[in-house]
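[1] give the three-dimensional model of this entry:
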Amino acid sequence: MKKNVYLFELSDIFANQVYLPYSSGVVWSYCKNKELIRDNYVLKDWFYFREEVDEICNKIDSPDVLGFSCFMWNWNLNCQIAKKVKESHPDCLIVFGGQHQPLSDRSEGFFQLHPYVDVIVHHEGEESFYEILVERLSDKPNFSNIAGITLNEGGKEFKSRPRPRIKDVQNCPSPYLDGSFDRLISENTTGLLYSAIVESSRGCPFSCAFCEIGEKYYSKVRYAHERTKQEIDWIAANKIEYVTDANSNYGLSCEADYDLACYVRDIKSQYQYPDAYRVTWVKGKADRVLNIAKIFEECGAQKGMTIALQSMNPSVLRAIKRRNIDGGKLQEFIELYESENIGSYVELIWGLPEETLDSFVNGVGQIMKYGYHNYLDIHLMMLLPNAPIGSDEYLETYGIKTSTTQPRFSHRHITEELNVDTVEFVTETNKLTVEEWVEGHQFRWAVIFGHYLGPLQFVARGLNKIYGIPLQDFYLQLLQFSKKNEKTFIGIEYNSIKENLSKILQNKRHWGYVLDDTGDINWAVEEATCIRLAQGSNKDRFYSEIMQFILKEYPRAELGVLEDIFKYQKCRVSDPNTTYPLTVAFDHNIHGVIEGDQVLSRVNNAVVFEAKNYNGNLFDWAKEVLWYGRRIGKYKTSARLGQEGKKS
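    Down below sits the predicted model:
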């Protein structure tokens, strides 16, 4: 009788979408393509989306091997399931792999905490899991000769020798191509929509300390472009809309990556799938990959070009072993993309070692000063246990301390079982107190909500162009106004976010907000503020209060000019309740001042604003503009002078 294998790669469901279990998929494909495994094992069930523990465990019958693909978002849930199964089936072999189980040099004491786990697989899992299954067939299995694992020997650890990297990723079996995922598609009776992960390369030559593949083990890059093309064929045939390429540096292999982008474009043109193909661009080579970005842009498969900076502070970059492009090069990249009409967004991380509150604020201000106004994505620093930064030495050197919270995922359904899983966010270092971290979080919210989702961007840019008010200063003063004026719209938002943040850091609530009229998913705080702003009379109230703030804080600003700036501001940001095109008269050349280099003058002119009409559908607007389109600046309407017809 064949032995029963159960696989676990539990993911959250986002707007009825879930990823096919790629990590466990490649491991199982490697195994099932061996005759010995096919003759002796059967994959009894494959769990890849979140359910209640009892519901999952009740489906497990006569298990012999359970393989768990572990990530931060499913770690505690995996542990609960493994513990419960082990209690019912003590002879079952439980194997933990993935990215969250500890590396061999960090596993001391693991089996005392998790006695139900029998084997930890480190790094790549294909060969290790295959050899575990083979050895399991022996009358007296001895796993100690299998490389790349740590064994539970009565609560004590046995660390085997390291396992070399797989050299030929290109010819490794694929769960898309060998029928493994066909089973999941055919068994889908829940109406779930699938997203897909492909891996056109594996490894990364960079050594970023905050990244799990920043260690030397992964420094050699292996490519699999031809296999990926075949997988794209399968994806298109199965009408899967959203694809993520796990290539950590798309464009590093410039010619091969360009060729793959053309293939995606051609397949999408022929079959309309995949709709989106998300990549992580190679660091610091934004000019080099421009031609690739154009391919994705012309077929609508990309949601913006990433300029991953992480920090503008040289001390931080040294601490995380990261080299950045210099300021001049950054401005060159920004101008290059804008000239080619390619959307781009900048990434920073708040809470990195050596970052201070002042250096973080100044870094954001520097980016705005360069004239970058499309989108800025500021992540919160999360401690990944297997990243170099997670080592005891690193933690001690930089005084890193964390707060345990639920995973910070937006756009997922909030249910009680989400409390099961937790992650660690860095909220204190030797250069940063918890109180300062909270201040930085609030500054992050104000800048992304106000500037990079639009509701205050054109006010701030107008004040900067006409009166020389620094953009950074505007948002800092806005935060002070929010603190002191608790009954204003923005004061209520500020305090609500801060109060909830206190609960989040104590793991007493989830991140984000679930709002009326926008489904039962939760929204990031900056998105939620924009959504509330679009409801009822909030917008008129908000801009009236901001006008009073500016008149008090910046008394040299003239009321007539401000009125034109505010009129322009309201029209330049997409509104679900406005009908476009919209033609508006102005008393000053505000459009030419903000979007060009014109000097302010009093002149009667009309500007035509265009955007998609949502006819009051708040959810569709929020989903398409704030969620799907934020990185390509979809929150902005287009604007052109009524007679000249030149778009900005």
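[2] with just CA atoms, put stretch 108-117 into PDB.
    C-alpha atoms of stretch 108-117 as PDB (Å, rounded to 0.1, in the frame of the first residue of the first chain):
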ATOM      1  CA  GLU A 108      19.300  25.700  18.900                       C
ATOM      2  CA  GLY A 109      16.300  24.900  21.200                       C
ATOM      3  CA  PHE A 110      13.900  24.600  18.300                       C
ATOM      4  CA  PHE A 111      12.800  21.000  19.000                       C
ATOM      5  CA  GLN A 112      12.200  21.800  22.700                       C
ATOM      6  CA  LEU A 113       9.700  24.400  21.600                       C
ATOM      7  CA  HIS A 114       8.300  22.300  18.700                       C
ATOM      8  CA  PRO A 115       8.700  18.600  19.600                       C
ATOM      9  CA  TYR A 116       6.100  17.600  17.000                       C
ATOM     10  CA  VAL A 117       8.500  18.500  14.200                       C
END
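[3] which residues are contacting it?
    Identification of contacts with stretch 108-117 by Cβ atoms under 8 Å, 6 or more residues apart in numbering yields 79, 82-83, 85-87, 94-96, 101-102, 120, 150, 152, 155-157. The way it works is simple: take the backbone N, C-alpha and C, and place the C-beta from them, glycine included.
[4] which of those fall within strands?
    Ile94, Val95, Phe96, Ile120, Thr150, Asn152, Lys156, Glu157 (DSSP state E).
[5] what about the third one, neighbour count?
    Burial of Phe96, expressed as a neighbour count using other Cβ atoms under 10 Å, amounts to 26.
[6] wait, it sits on Phe68?
    Yes. The criterion here is Cβ atoms under 8 Å, and Phe96 meets it with Phe68 at 5.1 Å.
[7] shared neighbours of these two, which are they?
    Asn78, Ala82.
[8] residues contacting Glu545?
    By Cβ under 8 Å, 6+ apart, the contact set of Glu545 is Asn485, Thr488, Phe489, Ile490.
[9] returning to that earlier point: of the contacts of stretch 108-117, just the buried ones, PyMOL syntax please.
    Buried subset of the contacts of stretch 108-117, written as a PyMOL selection, criterion 16 or more other Cβ atoms under 10 Å:
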select buried, resi 79+82+83+85+86+94+95+96+101+102+120+150+152+157
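[10] most neighbours out of the contacts of Glu545, which is it?
    Ranking these using other Cβ under 10 Å puts Ile490 first, with 25 neighbours.
[11] distance check, the spatially closest residue to that one that is not a sequence neighbour against Leu432.
    Here the nearest residue to Ile490 in space, its sequence neighbours aside, is Ser482; by Cβ to Cβ, 6 or more residues apart in numbering that works out to 4.9 Å. Taking Cβ to Cβ, to the nearest Å as the measure, Ser482 falls 22 Å from Leu432.
[12] between those two, who's got more neighbours?
    Just comparing Ser482 and Leu432: by other Cβ under 10 Å the higher neighbour count belongs to Leu432, 28 against 23.
[13] what's that one sitting at in phi/psi?
    phi -150, psi 130 (degrees, to the nearest 10).
[14] that one pairs with what?
    Thr429 (DSSP bridges).
[15] isn't it up against Asp358?
    No. In this structure, Leu432 is not within contact of Asp358 by Cβ under 8 Å, at 10.4 Å.
[16] the stretch 501-648 of the chain: helices as residue ranges?
    Per DSSP state H, counting those that start in this stretch, the stretch 501-648 of the chain carries helices over the ranges 525-533, 538-553, 559-572, 590-595, 618-621.
[17] same check, this time on the stretch 301-450 of the chain
    Using DSSP H, counting those that start in this stretch, helices in the stretch 301-450 of the chain cover 314-319, 327-339, 357-369, 392-398, 434-447.
[18] residues in contact with Leu383?
    Taking Cβ under 8 Å, 6+ apart as the test, what Leu383 contacts is Ile389, Gly390, Ile400, Thr402, Val423, Glu424, Phe425, Val426.
[19] which of the residues you listed fall in strands?
    Those of those lying in strands (DSSP E): Thr402, Val423, Glu424, Phe425, Val426.
[20] among the residues you listed, which pair sits farthest apart?
    Pairwise distances across these (Cβ to Cβ) peak at 10.8 Å, for the pair Val423 and Val426.
[21] these two - which one has more neighbours?
    For Val423 and Val426, the more surrounded residue by other Cβ under 10 Å is Val426, and the numbers stand at 25 against 22.
[22] does the more buried one touch Thr402 like I think?
    Yes. Under the criterion of Cβ under 8 Å, Val426 makes contact with Thr402 at 5.6 Å.
[23] next one: Gly629 from Asp575, what distance?
    Counting by Cβ to Cβ - Gly629 and Asp575 are separated by 14 Å.
[24] now do Ile235
    In terms of Cβ to Cβ, Ile235 sits 36 Å off from Asp575.
[25] out of those two, which sits in the busier spot?
    Ile235 (27 against 21).
[26] mind telling me what element the residue nearest to Ile490 is part of?
    Using DSSP states H and E, Ser482 falls within helix 471-484.
[27] list the buried residues of that helix.
    So, applying 16+ other Cβ under 10 Å, buried residues of helix 471-484: Leu471, Gln472, Phe474, Tyr475, Leu476, Gln477, Leu478, Leu479, Phe481, Ser482.
[28] so what's the first one closest to, chain neighbours aside?
    Using Cβ to Cβ, 6+ apart and skipping residues adjacent in sequence, the residue nearest Leu471 is Met368, 4.2 Å away.
[29] what do you get for the third one?
    If the residues on either side of it in the chain are set aside, Phe474 comes closest to Ala460, at 4.8 Å by Cβ to Cβ, 6+ apart.
[30] three-state assignment of the one you found?
    Three-state assignment for Ala460 (DSSP: H, G, I helix; E, B strand; the rest coil): helix.
[31] ok, Tyr130 next?
    Tyr130 - assigned by three-state DSSP - is helix.
[32] before we move on, what SS does the closest residue in space to it that isn't next to it in sequence have?
    Distances taken as Cβ to Cβ, 6+ apart place Cys31 nearest to Tyr130, at 4.7 Å, with adjacent residues excluded. Put simply, Cys31 is helix when judged by three-state DSSP.
[33] what about Cys31, neighbour count?
    By other Cβ under 10 Å, the burial measure for Cys31, its neighbour count, is 25.
[34] isn't it right next to Ile37, touching?
    Yes. At 4.7 Å, Cys31 and Ile37 qualify as touching, with contact defined as Cβ under 8 Å.
[35] shared neighbours of the two, anything?
    In contact with both Cys31 and Ile37: Tyr130, Leu133, using Cβ under 8 Å, 6+ apart.
[36] related to what we said a few turns ago, among the ones in strands among the contacts of Leu383, which one has the lowest pLDDT?
    Taken together, these show their lowest pLDDT at Val423, with 89.
[37] could you measure from that one over to Trp511?
    10 Å.
[38] joint contacts of those two?
    Thr405, Gln406, Pro407, Arg408.
[39] most surrounded residue in those residues?
    Neighbour counts for these (other Cβ under 10 Å) peak at Thr405, which has 23 neighbours.
[40] got a list of what that one touches?
    Thr405 sits in contact with Thr422, Val423, Phe425, Ile504, Leu505, Asn507, Trp511, where contact means Cβ under 8 Å, 6+ apart.
[41] now restrict those to buried residues only.
    Val423, Phe425, Ile504, Leu505, Trp511.
[42] show me the beta-bridge partners of the second one.
    Legend: beta-bridge partners of Phe425 under DSSP bridges are Met382, Ser403.
[43] Ala276 and Ile235 touch, don't they?
    No. With contacts counted by Cβ under 8 Å, Ala276 stays clear of Ile235, the gap being 11.3 Å.
[44] do you know the pLDDT at the most far-flung residue of the chain relative to its centre?
    In the chain, the greatest distance from the average C-alpha position (Cα atoms, centre = their mean) is reached by Asp139, at 46.1 Å. Predicted confidence (pLDDT) for Asp139: 91.
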